[in-house]
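>>> got a sequence here, can you model it:
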Amino acid sequence: MLNISQVSVTPLINKSDYQAYISLDKRKHSRVFLRMLILMLVIFIICMILPWTQNIRSNGTVTTLNPYDKPQNVQSLISGKIDKWHVKEGDIVQEGDTIVTLTEAKEEYLDPLLLANTKEQQDAKQKSAAAYKSKSSFLKDQLQELDNLQKSKEEQLKIKRQQIALEIQSINQELIAAQTYAENASKQLIRMQQMYDQGIKSLTDLETKSLSNREAEAKKLLVENKLNKLDNDLRNIDQELTFVISDYKQKYAKVESEILSADSYRYSMLGESNKLQSKYNQIEQRQNAFVITSPITGRITKVLKNGIGEFVKNQESIATIVPSVYEKAVELYIEPNDMPLIQEGKKVRIQFDGWPAIVFSGWPDNSFGTFAGLVYAIDNDISENGKYRILVVEDAREKVWPDLIRIGSGARGLLLLNDVKVYYEIWRQLNGFPPDFYTPEDAKKVKNKSPLRKLK
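Sure, this is the predicted structure:
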(Lines give C-alpha, C1' and ligand atoms only; values in the text may rest on other atoms or scores of the structure.)
Protein backbone atom coordinates (compact mmCIF):
# COMPACT_ATOMS: atom_id res chain seq x y z
CA MET A 1 0.00 0.00 0.00
CA LEU A 2 2.83 2.41 0.94
CA ASN A 3 5.25 1.18 -1.80
CA ILE A 4 8.04 0.71 0.79
CA SER A 5 9.24 -2.63 -0.48
CA GLN A 6 11.77 -2.65 -3.29
CA VAL A 7 9.81 -5.44 -4.93
CA SER A 8 6.68 -3.65 -6.03
CA VAL A 9 3.58 -5.38 -7.24
CA THR A 10 2.19 -2.19 -8.79
CA PRO A 11 3.14 -3.19 -12.36
CA LEU A 12 1.25 -6.47 -11.89
CA ILE A 13 -1.98 -4.71 -10.93
CA ASN A 14 -4.42 -3.61 -13.66
CA LYS A 15 -5.70 -0.33 -12.24
CA SER A 16 -8.58 -0.22 -14.64
CA ASP A 17 -10.13 -3.22 -12.86
CA TYR A 18 -10.41 -1.33 -9.58
CA GLN A 19 -12.74 1.58 -8.94
CA ALA A 20 -10.50 3.02 -6.23
CA TYR A 21 -7.60 3.49 -8.63
CA ILE A 22 -9.92 5.14 -11.15
CA SER A 23 -11.23 7.60 -8.51
CA LEU A 24 -7.70 8.44 -7.38
CA ASP A 25 -6.60 9.21 -10.95
CA LYS A 26 -9.59 11.49 -11.52
CA ARG A 27 -8.87 13.39 -8.33
CA LYS A 28 -5.27 14.01 -9.46
CA HIS A 29 -6.36 15.56 -12.79
CA SER A 30 -8.97 17.76 -11.14
CA ARG A 31 -6.36 19.25 -8.83
CA VAL A 32 -4.13 20.24 -11.73
CA PHE A 33 -7.08 21.82 -13.52
CA LEU A 34 -8.12 23.64 -10.36
CA ARG A 35 -4.62 25.00 -9.92
CA MET A 36 -4.61 26.17 -13.51
CA LEU A 37 -7.96 27.86 -13.01
CA ILE A 38 -6.72 29.56 -9.87
CA LEU A 39 -3.56 30.71 -11.67
CA MET A 40 -5.58 32.05 -14.60
CA LEU A 41 -7.93 33.84 -12.21
CA VAL A 42 -5.00 35.49 -10.47
CA ILE A 43 -3.50 36.53 -13.80
CA PHE A 44 -6.90 37.84 -14.93
CA ILE A 45 -7.34 39.87 -11.74
CA ILE A 46 -3.82 41.27 -12.10
CA CYS A 47 -4.52 42.18 -15.73
CA MET A 48 -7.78 43.86 -14.76
CA ILE A 49 -6.02 46.30 -12.46
CA LEU A 50 -3.20 47.07 -14.90
CA PRO A 51 -3.17 50.63 -16.34
CA TRP A 52 -4.59 51.06 -19.84
CA THR A 53 -4.18 54.15 -22.03
CA GLN A 54 -7.36 54.99 -23.89
CA ASN A 55 -6.71 55.87 -27.52
CA ILE A 56 -8.26 56.61 -30.86
CA ARG A 57 -6.91 54.89 -33.95
CA SER A 58 -6.80 56.70 -37.28
CA ASN A 59 -5.07 56.56 -40.63
CA GLY A 60 -3.49 59.37 -42.62
CA THR A 61 -0.50 60.50 -44.67
CA VAL A 62 2.70 62.42 -44.22
CA THR A 63 2.44 66.07 -45.24
CA THR A 64 3.94 69.47 -44.37
CA LEU A 65 2.65 72.50 -42.50
CA ASN A 66 4.18 75.14 -44.77
CA PRO A 67 2.73 75.48 -48.28
CA TYR A 68 6.17 76.13 -49.79
CA ASP A 69 7.37 72.78 -48.43
CA LYS A 70 4.89 70.85 -50.55
CA PRO A 71 5.65 69.57 -54.08
CA GLN A 72 5.42 72.51 -56.46
CA ASN A 73 4.66 72.74 -60.14
CA VAL A 74 6.92 75.00 -62.19
CA GLN A 75 4.72 76.97 -64.57
CA SER A 76 5.45 79.06 -67.60
CA LEU A 77 4.45 82.71 -67.24
CA ILE A 78 4.09 83.16 -71.01
CA SER A 79 3.39 81.08 -74.06
CA GLY A 80 6.42 79.93 -75.97
CA LYS A 81 8.34 77.12 -77.60
CA ILE A 82 10.80 74.90 -75.72
CA ASP A 83 14.32 75.70 -76.89
CA LYS A 84 16.50 73.79 -74.42
CA TRP A 85 16.16 71.68 -71.28
CA HIS A 86 18.85 72.27 -68.64
CA VAL A 87 17.78 69.52 -66.23
CA LYS A 88 16.44 65.98 -66.28
CA GLU A 89 14.25 64.02 -63.92
CA GLY A 90 15.95 63.25 -60.63
CA ASP A 91 18.33 66.24 -60.74
CA ILE A 92 18.75 68.35 -57.63
CA VAL A 93 18.47 72.06 -58.38
CA GLN A 94 19.13 75.11 -56.26
CA GLU A 95 16.85 78.11 -56.04
CA GLY A 96 17.37 80.22 -59.16
CA ASP A 97 18.87 77.44 -61.33
CA THR A 98 17.70 77.43 -64.94
CA ILE A 99 15.29 74.60 -65.75
CA VAL A 100 14.27 75.28 -69.34
CA THR A 101 14.72 78.01 -71.95
CA LEU A 102 11.85 79.08 -74.22
CA THR A 103 11.74 81.05 -77.46
CA GLU A 104 9.10 83.43 -78.78
CA ALA A 105 6.08 81.86 -80.43
CA LYS A 106 3.66 84.79 -80.88
CA GLU A 107 3.70 86.61 -84.19
CA GLU A 108 3.27 90.07 -82.70
CA TYR A 109 6.49 89.76 -80.67
CA LEU A 110 8.75 88.35 -83.40
CA ASP A 111 10.21 91.77 -84.34
CA PRO A 112 13.83 91.75 -83.05
CA LEU A 113 13.75 95.58 -82.70
CA LEU A 114 10.38 95.66 -80.96
CA LEU A 115 11.87 96.72 -77.64
CA ALA A 116 13.96 99.55 -79.16
CA ASN A 117 11.10 100.80 -81.33
CA THR A 118 8.73 100.86 -78.39
CA LYS A 119 11.28 102.85 -76.40
CA GLU A 120 11.66 105.39 -79.23
CA GLN A 121 7.89 105.81 -79.46
CA GLN A 122 7.70 106.33 -75.74
CA ASP A 123 10.50 108.96 -75.89
CA ALA A 124 8.69 110.77 -78.71
CA LYS A 125 5.50 110.93 -76.67
CA GLN A 126 7.44 112.29 -73.72
CA LYS A 127 9.00 115.02 -75.89
CA SER A 128 5.56 115.95 -77.21
CA ALA A 129 4.28 116.17 -73.65
CA ALA A 130 7.26 118.39 -72.76
CA ALA A 131 6.51 120.66 -75.76
CA TYR A 132 2.89 121.07 -74.70
CA LYS A 133 4.09 121.80 -71.19
CA SER A 134 6.32 124.59 -72.54
CA LYS A 135 3.43 125.95 -74.59
CA SER A 136 1.23 125.95 -71.51
CA SER A 137 3.94 127.82 -69.61
CA PHE A 138 4.25 130.46 -72.36
CA LEU A 139 0.48 130.90 -72.44
CA LYS A 140 0.43 131.39 -68.68
CA ASP A 141 3.11 134.08 -69.07
CA GLN A 142 1.01 135.67 -71.81
CA LEU A 143 -1.98 135.54 -69.51
CA GLN A 144 0.01 137.33 -66.84
CA GLU A 145 1.11 140.02 -69.31
CA LEU A 146 -2.46 140.41 -70.50
CA ASP A 147 -3.57 140.88 -66.93
CA ASN A 148 -0.89 143.52 -66.33
CA LEU A 149 -1.84 145.34 -69.54
CA GLN A 150 -5.49 145.26 -68.57
CA LYS A 151 -4.75 146.72 -65.15
CA SER A 152 -2.58 149.45 -66.70
CA LYS A 153 -5.23 150.43 -69.25
CA GLU A 154 -7.96 150.46 -66.62
CA GLU A 155 -5.77 152.63 -64.44
CA GLN A 156 -5.24 155.11 -67.31
CA LEU A 157 -8.97 155.34 -68.02
CA LYS A 158 -9.74 155.83 -64.36
CA ILE A 159 -7.18 158.66 -64.12
CA LYS A 160 -8.62 160.28 -67.24
CA ARG A 161 -12.11 159.94 -65.78
CA GLN A 162 -10.96 161.60 -62.59
CA GLN A 163 -9.47 164.46 -64.63
CA ILE A 164 -12.75 164.96 -66.52
CA ALA A 165 -14.67 164.81 -63.25
CA LEU A 166 -12.45 167.55 -61.80
CA GLU A 167 -12.88 169.63 -64.96
CA ILE A 168 -16.66 169.17 -64.72
CA GLN A 169 -16.54 170.47 -61.17
CA SER A 170 -14.62 173.56 -62.40
CA ILE A 171 -17.05 174.12 -65.29
CA ASN A 172 -19.97 173.83 -62.87
CA GLN A 173 -18.49 176.74 -60.92
CA GLU A 174 -18.11 178.73 -64.14
CA LEU A 175 -21.70 177.85 -65.04
CA ILE A 176 -22.93 179.16 -61.72
CA ALA A 177 -20.98 182.40 -62.27
CA ALA A 178 -22.27 182.72 -65.85
CA GLN A 179 -25.85 182.13 -64.69
CA THR A 180 -25.45 184.75 -61.97
CA TYR A 181 -23.94 187.22 -64.44
CA ALA A 182 -26.74 186.52 -66.96
CA GLU A 183 -29.41 187.02 -64.28
CA ASN A 184 -27.84 190.35 -63.23
CA ALA A 185 -27.59 191.50 -66.86
CA SER A 186 -31.23 190.63 -67.42
CA LYS A 187 -32.31 192.57 -64.30
CA GLN A 188 -30.18 195.57 -65.30
CA LEU A 189 -31.74 195.52 -68.80
CA ILE A 190 -35.22 195.55 -67.27
CA ARG A 191 -34.38 198.51 -65.02
CA MET A 192 -32.71 200.33 -67.92
CA GLN A 193 -35.81 199.79 -70.02
CA GLN A 194 -37.95 201.31 -67.28
CA MET A 195 -35.63 204.24 -66.91
CA TYR A 196 -35.59 204.74 -70.69
CA ASP A 197 -39.36 204.71 -70.77
CA GLN A 198 -39.34 207.37 -68.08
CA GLY A 199 -36.81 209.36 -70.10
CA ILE A 200 -34.17 209.14 -67.51
CA LYS A 201 -31.70 207.11 -69.64
CA SER A 202 -30.84 207.46 -73.28
CA LEU A 203 -31.32 204.97 -76.04
CA THR A 204 -27.55 204.42 -76.14
CA ASP A 205 -27.50 203.29 -72.53
CA LEU A 206 -30.40 200.98 -73.23
CA GLU A 207 -28.62 199.42 -76.20
CA THR A 208 -25.45 199.00 -74.15
CA LYS A 209 -27.32 197.08 -71.42
CA SER A 210 -29.03 194.98 -74.07
CA LEU A 211 -25.65 194.07 -75.56
CA SER A 212 -24.28 193.15 -72.12
CA ASN A 213 -27.32 190.97 -71.52
CA ARG A 214 -26.73 189.10 -74.79
CA GLU A 215 -23.04 188.66 -73.97
CA ALA A 216 -23.96 187.17 -70.55
CA GLU A 217 -26.45 184.79 -72.15
CA ALA A 218 -23.88 183.78 -74.74
CA LYS A 219 -21.24 183.11 -72.06
CA LYS A 220 -23.74 181.06 -70.09
CA LEU A 221 -24.58 179.03 -73.20
CA LEU A 222 -20.88 178.50 -73.92
CA VAL A 223 -20.26 177.20 -70.40
CA GLU A 224 -23.29 174.88 -70.64
CA ASN A 225 -21.97 173.51 -73.96
CA LYS A 226 -18.56 172.84 -72.39
CA LEU A 227 -20.30 171.06 -69.49
CA ASN A 228 -22.35 168.92 -71.88
CA LYS A 229 -19.18 168.04 -73.80
CA LEU A 230 -17.42 166.98 -70.59
CA ASP A 231 -20.47 164.89 -69.61
CA ASN A 232 -20.29 163.16 -72.98
CA ASP A 233 -16.55 162.58 -72.52
CA LEU A 234 -17.23 161.06 -69.09
CA ARG A 235 -19.84 158.71 -70.54
CA ASN A 236 -17.40 157.78 -73.32
CA ILE A 237 -14.74 157.01 -70.72
CA ASP A 238 -17.19 154.76 -68.85
CA GLN A 239 -18.13 153.00 -72.09
CA GLU A 240 -14.48 152.56 -73.03
CA LEU A 241 -13.75 151.15 -69.56
CA THR A 242 -16.62 148.69 -69.97
CA PHE A 243 -15.35 147.74 -73.43
CA VAL A 244 -11.80 147.26 -72.13
CA ILE A 245 -13.04 144.97 -69.35
CA SER A 246 -15.20 142.97 -71.76
CA ASP A 247 -12.37 142.71 -74.30
CA TYR A 248 -9.99 141.62 -71.55
CA LYS A 249 -12.36 138.89 -70.40
CA GLN A 250 -12.64 137.54 -73.95
CA LYS A 251 -8.89 137.54 -74.48
CA TYR A 252 -8.34 136.04 -71.00
CA ALA A 253 -10.89 133.26 -71.68
CA LYS A 254 -9.28 132.54 -75.06
CA VAL A 255 -5.80 132.22 -73.55
CA GLU A 256 -7.17 130.06 -70.73
CA SER A 257 -8.85 127.83 -73.29
CA GLU A 258 -5.54 127.47 -75.13
CA ILE A 259 -3.83 126.62 -71.82
CA LEU A 260 -6.44 123.94 -71.06
CA SER A 261 -6.08 122.55 -74.59
CA ALA A 262 -2.30 122.44 -74.21
CA ASP A 263 -2.61 120.72 -70.83
CA SER A 264 -5.15 118.28 -72.25
CA TYR A 265 -2.83 117.37 -75.11
CA ARG A 266 0.07 117.08 -72.66
CA TYR A 267 -1.88 114.71 -70.39
CA SER A 268 -2.92 112.73 -73.45
CA MET A 269 0.73 112.44 -74.49
CA LEU A 270 1.71 111.43 -70.96
CA GLY A 271 -1.02 108.77 -70.94
CA GLU A 272 0.18 107.36 -74.26
CA SER A 273 3.76 107.55 -72.99
CA ASN A 274 2.79 105.58 -69.87
CA LYS A 275 1.02 103.01 -72.03
CA LEU A 276 4.14 102.64 -74.17
CA GLN A 277 6.27 102.41 -71.02
CA SER A 278 3.96 99.70 -69.71
CA LYS A 279 4.18 97.90 -73.05
CA TYR A 280 7.96 98.24 -72.97
CA ASN A 281 8.07 96.75 -69.46
CA GLN A 282 5.78 93.91 -70.53
CA ILE A 283 7.99 93.10 -73.52
CA GLU A 284 11.08 93.27 -71.31
CA GLN A 285 9.51 91.01 -68.69
CA ARG A 286 8.31 88.68 -71.42
CA GLN A 287 11.83 88.36 -72.78
CA ASN A 288 13.13 87.68 -69.26
CA ALA A 289 10.38 85.09 -68.74
CA PHE A 290 11.79 82.91 -71.50
CA VAL A 291 14.29 81.60 -68.95
CA ILE A 292 12.37 79.55 -66.38
CA THR A 293 14.22 79.05 -63.09
CA SER A 294 13.61 76.94 -60.02
CA PRO A 295 11.65 78.74 -57.28
CA ILE A 296 13.03 76.50 -54.52
CA THR A 297 15.83 74.09 -53.74
CA GLY A 298 14.68 70.57 -54.45
CA ARG A 299 14.62 67.58 -56.76
CA ILE A 300 13.05 67.43 -60.22
CA THR A 301 10.60 64.55 -59.87
CA LYS A 302 8.59 64.81 -63.06
CA VAL A 303 8.96 66.61 -66.40
CA LEU A 304 5.50 67.32 -67.84
CA LYS A 305 6.65 68.60 -71.25
CA ASN A 306 8.94 66.58 -73.44
CA GLY A 307 11.26 67.25 -76.35
CA ILE A 308 12.50 70.35 -78.12
CA GLY A 309 10.18 72.63 -80.06
CA GLU A 310 7.06 71.68 -78.14
CA PHE A 311 4.75 74.61 -77.47
CA VAL A 312 3.91 75.66 -73.91
CA LYS A 313 0.87 77.73 -72.99
CA ASN A 314 0.96 80.45 -70.39
CA GLN A 315 0.35 79.22 -66.80
CA GLU A 316 0.93 75.66 -67.95
CA SER A 317 2.99 73.36 -65.69
CA ILE A 318 6.18 72.01 -67.21
CA ALA A 319 7.84 70.24 -64.26
CA THR A 320 7.34 69.25 -60.61
CA ILE A 321 9.87 69.97 -57.85
CA VAL A 322 9.88 68.38 -54.40
CA PRO A 323 11.72 70.40 -51.70
CA SER A 324 14.87 68.85 -50.34
CA VAL A 325 14.35 70.18 -46.82
CA TYR A 326 10.92 70.46 -45.25
CA GLU A 327 9.13 70.27 -41.92
CA LYS A 328 7.20 67.04 -41.71
CA ALA A 329 3.73 66.66 -40.29
CA VAL A 330 1.05 63.98 -40.39
CA GLU A 331 -2.58 64.54 -41.32
CA LEU A 332 -4.99 62.11 -39.66
CA TYR A 333 -8.72 61.72 -40.18
CA ILE A 334 -10.93 61.32 -37.12
CA GLU A 335 -14.50 60.10 -36.89
CA PRO A 336 -17.01 62.84 -35.94
CA ASN A 337 -17.96 60.79 -32.85
CA ASP A 338 -14.39 61.12 -31.54
CA MET A 339 -13.90 64.82 -32.35
CA PRO A 340 -15.00 66.16 -28.92
CA LEU A 341 -12.13 64.18 -27.37
CA ILE A 342 -9.45 65.81 -29.54
CA GLN A 343 -7.70 68.91 -28.24
CA GLU A 344 -4.62 70.75 -29.40
CA GLY A 345 -1.60 69.46 -27.54
CA LYS A 346 -2.78 65.85 -27.13
CA LYS A 347 -0.07 63.22 -27.47
CA VAL A 348 -0.05 60.95 -30.49
CA ARG A 349 1.99 57.85 -31.35
CA ILE A 350 2.74 57.60 -35.06
CA GLN A 351 3.58 54.47 -37.06
CA PHE A 352 4.98 55.17 -40.53
CA ASP A 353 4.62 52.86 -43.53
CA GLY A 354 7.78 50.89 -44.23
CA TRP A 355 9.07 51.43 -40.71
CA PRO A 356 9.04 48.24 -38.57
CA ALA A 357 6.92 48.60 -35.47
CA ILE A 358 5.35 46.53 -32.70
CA VAL A 359 2.33 48.31 -31.33
CA PHE A 360 0.54 47.75 -28.03
CA SER A 361 -2.39 50.12 -28.26
CA GLY A 362 -3.07 50.17 -24.51
CA TRP A 363 0.59 50.43 -23.53
CA PRO A 364 2.12 52.93 -25.96
CA ASP A 365 5.28 53.26 -23.89
CA ASN A 366 5.99 49.59 -24.49
CA SER A 367 5.49 49.85 -28.24
CA PHE A 368 8.48 49.63 -30.57
CA GLY A 369 9.00 51.58 -33.79
CA THR A 370 6.43 54.32 -33.10
CA PHE A 371 7.23 58.02 -32.85
CA ALA A 372 5.84 60.75 -30.62
CA GLY A 373 3.78 63.65 -31.89
CA LEU A 374 1.42 66.37 -30.71
CA VAL A 375 -1.87 67.58 -32.15
CA TYR A 376 -1.06 70.95 -33.77
CA ALA A 377 -4.31 71.95 -35.53
CA ILE A 378 -7.85 70.70 -35.98
CA ASP A 379 -10.03 71.49 -38.99
CA ASN A 380 -13.39 73.08 -38.25
CA ASP A 381 -14.91 71.77 -41.47
CA ILE A 382 -15.55 68.14 -42.26
CA SER A 383 -13.59 66.61 -45.14
CA GLU A 384 -15.01 64.95 -48.23
CA ASN A 385 -14.54 61.50 -46.69
CA GLY A 386 -16.92 62.38 -43.84
CA LYS A 387 -14.17 62.75 -41.24
CA TYR A 388 -12.34 65.61 -39.59
CA ARG A 389 -8.70 66.24 -40.39
CA ILE A 390 -6.12 66.98 -37.71
CA LEU A 391 -2.46 67.89 -38.11
CA VAL A 392 0.18 66.23 -35.94
CA VAL A 393 3.70 67.60 -35.58
CA GLU A 394 6.86 66.12 -34.20
CA ASP A 395 7.33 66.25 -30.44
CA ALA A 396 10.76 67.81 -30.02
CA ARG A 397 11.07 66.35 -26.51
CA GLU A 398 11.25 62.76 -27.75
CA LYS A 399 12.80 60.70 -30.52
CA VAL A 400 13.28 62.44 -33.87
CA TRP A 401 11.12 61.30 -36.77
CA PRO A 402 13.10 59.35 -39.39
CA ASP A 403 14.52 61.33 -42.32
CA LEU A 404 13.65 58.54 -44.76
CA ILE A 405 9.91 59.16 -44.66
CA ARG A 406 8.57 61.09 -47.62
CA ILE A 407 5.60 63.35 -48.23
CA GLY A 408 2.57 61.31 -49.18
CA SER A 409 3.61 58.10 -47.44
CA GLY A 410 1.07 56.42 -45.19
CA ALA A 411 0.89 56.78 -41.44
CA ARG A 412 -1.25 55.42 -38.63
CA GLY A 413 -1.83 57.27 -35.43
CA LEU A 414 -2.81 56.46 -31.89
CA LEU A 415 -4.24 59.53 -30.21
CA LEU A 416 -3.56 58.97 -26.52
CA LEU A 417 -6.32 59.86 -24.08
CA ASN A 418 -6.75 59.20 -20.38
CA ASP A 419 -5.01 56.46 -18.35
CA VAL A 420 -7.57 54.04 -16.82
CA LYS A 421 -7.65 50.48 -15.50
CA VAL A 422 -8.20 47.54 -17.85
CA TYR A 423 -11.43 46.50 -16.12
CA TYR A 424 -12.82 50.03 -16.58
CA GLU A 425 -11.93 50.03 -20.29
CA ILE A 426 -13.64 46.64 -20.77
CA TRP A 427 -16.71 47.85 -18.91
CA ARG A 428 -16.75 51.08 -20.99
CA GLN A 429 -16.55 49.27 -24.31
CA LEU A 430 -19.15 46.69 -23.34
CA ASN A 431 -21.56 49.50 -22.50
CA GLY A 432 -20.66 51.55 -25.57
CA PHE A 433 -19.54 54.56 -23.54
CA PRO A 434 -17.08 57.01 -25.14
CA PRO A 435 -13.56 57.42 -23.75
CA ASP A 436 -13.02 59.84 -20.88
CA PHE A 437 -12.87 63.50 -21.87
CA TYR A 438 -10.07 65.61 -20.52
CA THR A 439 -7.95 68.57 -21.56
CA PRO A 440 -4.17 68.11 -21.65
CA GLU A 441 -2.14 70.50 -19.54
CA ASP A 442 0.04 71.65 -22.46
CA ALA A 443 -2.80 72.17 -24.91
CA LYS A 444 -2.31 75.96 -24.94
CA LYS A 445 1.44 75.71 -25.28
CA VAL A 446 1.49 74.04 -28.68
CA LYS A 447 0.71 77.25 -30.62
CA ASN A 448 2.67 79.65 -28.43
CA LYS A 449 5.70 77.44 -27.96
CA SER A 450 5.87 75.10 -30.92
CA PRO A 451 7.64 71.77 -30.26
CA LEU A 452 8.86 71.64 -33.88
CA ARG A 453 12.60 71.23 -34.22
CA LYS A 454 14.25 73.94 -36.23
CA LEU A 455 15.70 72.77 -39.53
CA LYS A 456 19.44 73.14 -39.80
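>>> these two touch, right, L341 and I56?
Yes - the criterion here is Cβ atoms under 8 Å, and L341 meets it with I56 at 6.7 Å. Where you see a C-beta, it was placed from the backbone N, CA and C, and this is true even at glycine.
>>> tell me which of the two has more neighbours.
The neighbour count for L341 versus I56, taken as other Cβ atoms under 10 Å, is higher for I56 (22 against 18).
>>> how about the secondary structure of the more buried one?
strand (DSSP: H, G, I helix; E, B strand; the rest coil).
>>> and the residue nearest to it when sequence neighbours are not counted, how close does it get to G373?
In this structure, I56 finds its nearest non-sequential neighbour in L415, 4.3 Å apart by Cβ to Cβ, 6 or more residues apart in numbering. Relative to G373, L415 is positioned 9 Å away (Cβ to Cβ, to the nearest Å).
>>> again with E327
For E327, the distance to G373 (Cβ to Cβ) stands at 13 Å.
>>> overlap in contacts, those two.
Common contacts of E327 and G373, defined by Cβ atoms under 8 Å, 6 or more residues apart in numbering, comprise V393.
>>> more neighbours: which of those two?
More crowded of E327 and G373, by other Cβ under 10 Å: G373, with 27 against 15.
>>> the more buried one bridge partners, please.
For G373, the beta-bridge partners are V348, E394 (DSSP bridges).
>>> pLDDT score for the residue nearest to V93 when sequence neighbours are not counted?
What sits nearest to V93 in space, not counting adjacent residues and going by Cβ to Cβ, 6+ apart, is S294, at 4.4 Å. Note for S294: predicted pLDDT of 87.
>>> I figured S294 hits G96, correct?
Yes - judged on Cβ under 8 Å, S294 makes contact with G96 at a distance of 6.6 Å.
>>> can you map out the strands along this structure?
Using DSSP state E, the strands of the chain run over 51-64, 72-75, 80-85, 92-93, 98-103, 291-293, 298-303, 311-312, 317-323, 328-334, 347-352, 371-378, 388-394, 410-421.
>>> can those strands go into TSV with extra columns for distance to V255?
Below are these laid out as TSV (distance: least, Cβ to Cβ, whole Å):
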stretch	distance to V255
strand 51-64	70
strand 72-75	57
strand 80-85	54
strand 92-93	66
strand 98-103	56
strand 291-293	55
strand 298-303	68
strand 311-312	58
strand 317-323	62
strand 328-334	73
strand 347-352	83
strand 371-378	71
strand 388-394	73
strand 410-421	82
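>>> D231: which of these is closest?
Comparison of those against D231 by Cβ to Cβ identifies strand 80-85 as nearest, at 90.1 Å.
>>> average pLDDT for the closest one?
For strand 80-85, the mean confidence score works out to 86.
>>> next one: stretch 89-100
Stretch 89-100 shows a mean pLDDT of 88.
>>> roughly how far out does that stretch sit from the chain middle?
31 Å (Cα atoms, centre = their mean, to the nearest Å).
>>> with stretch 391-403 instead?
With Cα atoms, centre = their mean as the basis, the mean position of stretch 391-403 lies at 35 Å from the chain mean.
>>> what about that stretch, start to end distance?
Terminal residues of stretch 391-403 are spaced 19 Å apart (Cα to Cα, to the nearest Å).
>>> could I get the buried residue list for it?
L391, V392, V393, E394, D395, W401 (16 or more other Cβ atoms under 10 Å).
>>> just stretch 331-345 next, same as before
Neighbour count says stretch 331-345 has E331, L332, Y333, I334, D338, L341, I342, Q343, E344, G345 buried, by 16+ other Cβ under 10 Å.
>>> just flag the most distant two among those.
Spatial extent of these (Cβ to Cβ) is set by the pair Y333 and G345 at 19.2 Å.
>>> and the residue nearest to D395 when sequence neighbours are not counted, how many residues sit next to it?
Closest residue to D395 apart from its sequence neighbours, by Cβ to Cβ, 6+ apart: A372 at 4.1 Å. Using other Cβ under 10 Å, A372 has 20 other residues around it.
>>> wait, what's in contact with A372?
Contact partners of A372, counting by Cβ under 8 Å, 6+ apart, are K347, V348, R349, I350, E394, D395, R397, E398, K399.
>>> swap in N213?
By Cβ under 8 Å, 6+ apart, N213 lies in contact with A182, A185, S186, Q188, L189.
>>> in helices, which of those residues fall?
Counting by DSSP state H, the contacts of N213 place A182, A185, S186, Q188, L189 in helices.
>>> got the residues you listed as a markdown table, with pLDDT, distance to T61 and neighbour count columns?
Converted to a markdown table, the ones in helices among the contacts of N213 look like this (pLDDT from 0 to 100; distance: Cβ to Cβ, whole Å; neighbours: other Cβ atoms under 10 Å):
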| residue | pLDDT | distance to T61 | neighbour count |
| --- | --- | --- | --- |
| A182 | 77 | 129 | 21 |
| A185 | 77 | 134 | 21 |
| S186 | 81 | 134 | 14 |
| Q188 | 77 | 139 | 16 |
| L189 | 76 | 139 | 19 |
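>>> E256: which of these is nearest?
Closest approach to E256 among those (Cβ to Cβ): A182, at 57.9 Å.
>>> any idea how far the closest one is from A218?
Noted for A182: a distance of 9 Å to A218, by Cβ to Cβ.
>>> again with Q194
Separation of Q194 from A218 (Cβ to Cβ) stands at 24 Å.
>>> how about N306?
124 Å.
>>> pick out whichever of the two has more residues nearby.
For N306 and A218, the more surrounded residue by other Cβ under 10 Å is A218, and the numbers stand at 12 against 9.
>>> how close does that one sit to I78?
Taken as Cβ to Cβ, the span from A218 to I78 is 104 Å.
>>> about what we covered before: go through the strands of the chain and find the least confident stretch.
strand 410-421 (a mean of 71).
>>> give the buried residues for stretch 78-87.
With burial defined by 16+ other Cβ under 10 Å, the residues of stretch 78-87 counted as buried are I78, S79, G80, I82, W85, V87.
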